[in-house]
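Undergrad: Model the following, please.
(one chain, ligands or ions: 1)
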Amino acid sequence: MMVCLCHPFSDKKVREHLSAKDGAKCGMSEVYSTCSGGNKPQCCTCLETLKDMVKTHNKTVAA
Ligand code: FES
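TA: Below is the predicted model of the structure:
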């Protein structure tokens, strides 16, 4: 599933980045920047989905 269409990247790419964090928490802007190749969000439609993914990741890290 595509997460962002403005700077296209998929949920797979986000999950790969999150698992590469190796148990460390991360922030949304860092995840967006890495997955989009250093870009900033344009329309921001994807940010809610990205926020949920990062939140879920950070919860598992905190547990
Ligand atoms: S869909 Fe991600 S910034 Fe537009």
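
Undergrad: Give the other helices and strands that the lowest-mean-pLDDT helix or strand in the chain contacts.
TA: With mean pLDDT, DSSP states H and E as the measure, the helix or strand of the chain carrying the lowest mean pLDDT is helix 47-62 (a mean of 94). Helices and strands touching helix 47-62, by 3 or more C-beta pairs under 8 Å, 6 or more residues apart in numbering; DSSP states H and E, are strand 2-4, helix 11-20, helix 28-35. (Each C-beta comes from the backbone N, C-alpha and C, glycine too.)

Undergrad: Buried deepest among those, which one?
TA: Using mean count of other C-beta atoms under 10 Å, the stretch among the helices and strands packed on helix 47-62 with the greatest mean number of neighbours is strand 2-4 (a mean of 19).

Undergrad: for the ligand, what are the nearby residues on this structure?
TA: C4, L5, C6, P41, Q42, C43, C44, T45, C46 (C-beta under 6 Å from any ligand atom).

Undergrad: Next, work out how far apart the second one and C46 are.
TA: The one in question is L5. L5 sits 7 Å away from C46, taking C-beta to C-beta, to the nearest Å as the criterion.

Undergrad: more neighbours, the two?
TA: C46 (22 against 11; other C-beta atoms under 10 Å).

Undergrad: who touches that one in this structure?
TA: V3, C4, L5, C6 (C-beta atoms under 8 Å, 6 or more residues apart in numbering).

Undergrad: Output these in JSON lines, with pLDDT and distance to K25 appended to each entry.
TA: Shown next, in JSON lines, are the contacts of C46 (pLDDT from 0 to 100; distance: C-beta to C-beta, whole Å):
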{"residue": "V3", "pLDDT": "98", "distance to K25": "19"}
{"residue": "C4", "pLDDT": "98", "distance to K25": "21"}
{"residue": "L5", "pLDDT": "98", "distance to K25": "27"}
{"residue": "C6", "pLDDT": "98", "distance to K25": "25"}
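
Undergrad: Could you identify the pair within these that is furthest apart?
TA: The largest separation in these, counting by C-beta to C-beta, is between V3 and C6 at 10.4 Å.
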